[in-house]
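J.: How does the following fold in three dimensions:
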Amino acid sequence: MSDLFRLVDANLNRASEGARVLEDLARLHFDDAGACASLRELRHAIRLAAAPFADRLIGARDADGDVGAEVSRESRADERLSLADLWSANFKRVEEALRVVEETLKLAGHYEVAKSYEALRFRAYTAERRLVGLLRPHRAKAALDTDLYGITAAEYSLGRTNVQVVGEMLAAGITLVQYREKDRSFAEKYAECLEIRRLTRDAGAVLIVNDHPDLAVMVEADGVHLGQDDYPVAAVRSLVGESMLIGRSTHSPDQARAALREGADYVGVGPLFPTSTKKNVCEPVGLEYLDFAVARVSLPFVALGGIKARHVAEVRRRGARCMALVTEIVGAPDIRNRIGEIRSQLEKGSTGTT
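T.: All right, here's what the predicted structure looks like:
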C-alpha cells in the first residue's frame, strides 16, 4: 500500500507544481487577477482533498530512490519553444497527474476521495478552455513578428492554383498566410483551404482565413480576418472560440481604436497605395496613417494595400515590421526569387540604404 501512496504523492506534487506555474503566469505575466484567483483555488483544492493522507504521503516519499529522476535529467522532451507551449504543457501536467491520483486512490480503497479528484480534473479541463484566450495577445504578436504576410489571389497567379502559390510562399520562408478567395463555390473554397491548412501546419506557419469565420473553423485555421463591413468581432468571437486570432482591416485612427475596443487581436493598416486586388476598396489612406499606427496603435499590425516592391524600403523605414504584397508575389513567374528580391528591399529599408 505504501507504494500506492508514493504514486499518489508524486502526482499530487506534479499537479500542484503545474498549477503553481499557471497561477504565476496568470499573476505575473498576464496580470489577470481572475485567472490567478481561479488557478490558486484549484491548487489549494488539489492539496486540501489529500489532507486525510498527508502523513502517509510524506512517509511514502522517496525522491532519492526515484528511478525516473535520471531519465528526466537526460531527457530534452520538456523543452519549451513558446509561452503557449509552457501554458499548455502545465495544464496537461495537472490534468494527467490528477487522473493518476484518481485511479490510484480507487485501487487503494478510497473511492470517494478519488471521485473528488475526478471532479478537480474536469475543473482543470474547463479552466484550460476558459483561459486559453489569455494567450491570444502573445500569439498575435508572435504571428505578426515576421516580414511578409502572404495573401492568395487566384486571378493574378498566372494560372497557378492557390495551393501551388502557397507552397512556393512557404518554401521561400513565409510564415503567415491569408487565404482570400472571392469567386469560387463554398465547396471549392473548403477543399482548397483544407489543403492549404495541411501545408501551413506541416511548415509551422500561421493560416488566416479572410472574411469567412465558418470556413476558418472548419479547416482549423489559426485566425480569421474581417473587413470593416464584415461581422462584428464579438459575434465572430462567439463562433470561433477563445483561441482563434481575429484581425480587422482599418483605414483610419478611429477604426483602429474601435478594433481595439472590439477585441481584435491585430489590425490591417491600409490601403497605403491604390490597389486593384480588392473590389469596392476605399481610397488609399497614405503613409500618414501608417505613421499613426507605428506611434499609437498598440495592437500588432500588417501594412497592406497596393504595396509594390518599389515601396517596400520606404514602408519599412516608416516603421512597418510586417507588410503584405499581393500581386508582386502571386503574379511573379518565380515566386521564391521574387520574395528574395523583396526581402533585399526590406533590408535596405531597415539599414536606411538606397
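J.: what's the neighbour count on residue 289?
T.: For residue 289, the neighbour count with other Cβ atoms under 10 Å is 22. The way it works is simple: take the backbone N, C-alpha and C, and place the C-beta from them, glycine included.
J.: tell me which element it is part of?
T.: helix 286-296 (DSSP states H and E).
J.: Also residue 146?
T.: Per DSSP H and E, there is no helix or strand for residue 146.
J.: cool, residue 100 as well?
T.: helix 83-107.
J.: what packs against that helix?
T.: helix 2-24, helix 33-48, helix 111-131, helix 136-144 (3 or more Cβ pairs under 8 Å, 6 or more residues apart in numbering; DSSP states H and E).
J.: change it to 6 Å
T.: Contacts defined by 3 or more Cβ pairs under 6 Å, 6 or more residues apart in numbering; DSSP states H and E place helix 83-107 against helix 2-24, helix 111-131.
J.: would you turn those helices into JSON lines with distance to residue 281?
T.: Converted to JSON lines, these look like this (distance: least, Cβ to Cβ, whole Å):
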{"stretch": "helix 2-24", "distance to residue 281": "44"}
{"stretch": "helix 111-131", "distance to residue 281": "38"}
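J.: Deepest-packed of those, please.
T.: Compared across those, helix 2-24 shows the largest average neighbour count, a mean of 20 (mean count of other Cβ atoms under 10 Å).
J.: For it, C-alpha coordinates in CSV please.
T.: Extracted in CSV, the C-alpha atoms of helix 2-24 (Å, rounded to 0.1, in the frame of the first residue of the first chain):
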residue,chain,number,x,y,z
SER,A,2,2.9,2.4,0.7
ASP,A,3,3.9,2.1,-2.9
LEU,A,4,0.5,3.3,-4.0
PHE,A,5,0.7,6.3,-1.7
ARG,A,6,4.2,7.0,-3.2
LEU,A,7,2.4,7.2,-6.5
VAL,A,8,-0.3,9.5,-5.2
ASP,A,9,2.3,11.7,-3.5
ALA,A,10,4.4,12.1,-6.7
ASN,A,11,1.4,13.0,-8.8
LEU,A,12,-0.1,15.4,-6.2
ASN,A,13,3.3,17.2,-6.3
ARG,A,14,3.2,17.2,-10.1
ALA,A,15,-0.3,18.6,-10.2
SER,A,16,0.3,21.3,-7.6
GLU,A,17,3.6,22.4,-9.2
GLY,A,18,1.9,22.6,-12.6
ALA,A,19,-1.0,24.6,-11.1
ARG,A,20,1.6,26.9,-9.5
VAL,A,21,3.3,27.6,-12.8
LEU,A,22,0.0,28.5,-14.3
GLU,A,23,-1.0,30.7,-11.4
ASP,A,24,2.2,32.6,-11.5
